[in-house]
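Q: sequence first, then the predicted structure, then my questions.
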Amino acid sequence: MKKLLYLSLPLVMMVLLASCIKDNIEGCERDIVFEYYADGDTDVFPKHVTSVNLFVFDSEDRLMPQHCRRLEQNDLKAHQGVKLSLNPGEYRFVCLGNDYDLTEVYNVDCGNMSGITYRNPDCFDNACQGNDSLYLGSKIINISEDAWYFRDTVRLYSSHLKVSYTVKGYYGDEATRAGGYLDLRVKNLAPQSSFDQAHAQNLGHGEKVDYAPEFEWNSENGDHTAYFNIMRHTADNDVEFELVDRASGAVLHTLALKDFLEDYKDYVDVTKQEVLIPIVVEFKTVGITVTIANWVVNNVTPGFGNDNGNDPDDNNNI
């Protein structure tokens, strides 16, 4: 039986290839592989990306719904890519990674790549807590007339910035103690990005909005900490963090993000792919101080976990 199997395999392959070639290679499987290099020279896609929403466009950037796919973690573990039956021609592949509950893709019905955007669906009602740990990649790929076997790669790039905001030493009205004393507002954020922004920076854009990330309150040491993602911004931005006393509604402290990035530019570079902005605000008898988290200075990566628990690499993502 083994000899028969070994003799049969070449015949089977010849039949498969013939069926692919006989009709001018229409219907052949095309292998599109995903990759993400972060800030190094090694593909670290499995550590950071747990789902991919794949959109396929023709040579005029018109959507081809029949070829679009959503690939979840189990799909990507089996194959870090997708196999599609595509005829020879030019296509654009757009890959959106990690779009979960905090992300919605808009204007797909327009059918044109340049009109499609993605954002948190709650970002315009001032109750938005943050973004997913998003990644985006786009590539134009040409399948030649004689390509009976075809394989190409689409590289993804980060489409988010991670933020850690910790408050120490503040004790307010006892009436609010059960849930902590403070609220956080992040103002003037660019709320969305677009498929035609798919490049190394994937910057946010659109009408500015405010986010309201939730604090985690540690009743033992009194610390308030918020972990969340925002869309990518340049270092020159007008984003502000407002710290608010929950009981009175008074603004206790305002921090301009660009000032923090300038003060700690040796530790935080928002042009990199994997960026964590670790802000520490401390109330002291002499006033309020703003510093960077000491684990950044000591080059230690804390295990924050990720948005909605979707990222398997708990030591690298929020």
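A: Received the coordinates, thanks.
Q: so where is the stretch 201-318 of the chain shaky, pLDDT-wise?
A: For the stretch 201-318 of the chain, applying pLDDT under 70 flags the ranges 297-318.
Q: what residues are up against the closest residue to C110 other than its chain neighbours?
A: Nearest non-adjacent residue to C110, counting by Cβ to Cβ, 6 or more residues apart in numbering: I116, 7.1 Å away. In this view, the C-beta of every residue, glycine as well, is placed from N, C-alpha and C. With contact set as Cβ atoms under 8 Å, 6 or more residues apart in numbering, I116 has these partners: 55, 94, 105-108, 110, 194-195.
Q: ramachandran coordinates for I116?
A: Torsion angles at I116 (phi, psi; degrees, to the nearest 10) stand at phi -90, psi 130.
Q: that one and P65: what is the separation?
A: 12 Å (Cβ to Cβ, to the nearest Å).
Q: now Y149: closest residue in space that isn't a chain neighbour?
A: Leaving aside its sequence neighbours, Y149 sits nearest to C28 (Cβ to Cβ, 6+ apart; 7.4 Å).
Q: and if you look at M64?
A: Leaving aside its chain neighbours, M64 sits nearest to V56 (4.8 Å; criterion: Cβ to Cβ, 6+ apart).
Q: residues in contact with that neighbour?
A: Counting by Cβ under 8 Å, 6+ apart, V56 touches 63-64, 67-68, 84, 91-94.
Q: report whether it is found in a strand, as I expect.
A: Yes - counting by DSSP: H, G, I helix; E, B strand; the rest coil, V56 is part of a strand.
Q: quick check: it vs D146, distance?
A: Noted for V56: a distance of 22 Å to D146, by Cβ to Cβ.
Q: only the buried residues of the helix or strand in which V281 is found, if you could.
A: V281 is located in strand 276-284, with elements delineated by DSSP states H and E. Across strand 276-284, burial judged by 16 or more other Cβ atoms under 10 Å covers 276-281, 283.
Q: could you do stretch 45-55 as well?
A: Buried residues in stretch 45-55, counted by 16+ other Cβ under 10 Å: 45, 47-55.
Q: as a markdown table, those with secondary structure and pLDDT would be great.
A: Converted to a markdown table, the buried residues of stretch 45-55 look like this (DSSP: H, G, I helix; E, B strand; the rest coil; pLDDT from 0 to 100):
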| residue | secondary structure | pLDDT |
| --- | --- | --- |
| F45 | helix | 98 |
| K47 | helix | 97 |
| H48 | helix | 98 |
| V49 | coil | 98 |
| T50 | coil | 98 |
| S51 | coil | 98 |
| V52 | strand | 98 |
| N53 | strand | 98 |
| L54 | strand | 98 |
| F55 | strand | 98 |
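Q: and L76, which of the three is it?
A: Once three-state DSSP is applied, L76 turns out helix.
Q: that one contacts H48, doesn't it?
A: No - counting by Cβ atoms under 8 Å, H48 is not a contact partner of L76; they are 11.3 Å apart.
Q: ends of stretch 143-155, how far apart?
A: 18 Å (Cα to Cα, to the nearest Å).
Q: mind listing what's buried along that stretch?
A: 143, 150, 152-155.
Q: which members of those residues are positioned in strands?
A: 143, 150, 152-155 (DSSP state E).
Q: out of those, which is nearest to A38?
A: Distance ranking of those against A38, using Cβ to Cβ, places R155 first at 10.9 Å.
Q: dump the residue contacts of the closest one.
A: Contacts for R155 (Cβ under 8 Å, 6+ apart) come out as 34-37, 137, 139.
Q: can you pull the contacts of the spatially most central residue of the chain?
A: Ranked by distance to the mean C-alpha position of the chain (Cα atoms, centre = their mean), the top residue is L134 at 1.2 Å. Neighbour list for L134: 96-99, 103, 118, 158-160, 193, 202, 229 [criterion: Cβ under 8 Å, 6+ apart].
Q: with adjacent residues omitted, what lies nearest to Y106?
A: Per Cβ to Cβ, 6+ apart, closest to Y106 is T117, 4.9 Å.
Q: please name the bridge partners of the one you found.
A: Beta-bridge partners recorded for T117 (DSSP bridges): Y106, S194.
Q: that one touches Q192, doesn't it?
A: Yes - with contact defined as Cβ under 8 Å, T117 counts as touching Q192 (4.9 Å).
Q: any shared contact partners between these two?
A: By the contact definition Cβ under 8 Å, 6+ apart, T117 and Q192 are jointly contacted by 106, 206.
Q: who has more neighbours, these two?
A: More neighbours surround Q192 than the other of T117 and Q192, with 22 against 19 (other Cβ atoms under 10 Å).
Q: distance check, the residue nearest to that one when sequence neighbours are not counted against L96.
A: Excluding the flanking residues, the one nearest Q192 by Cβ to Cβ, 6+ apart is R119, at 3.5 Å. If you measure R119 against L96 using Cβ to Cβ, the figure is 12 Å.
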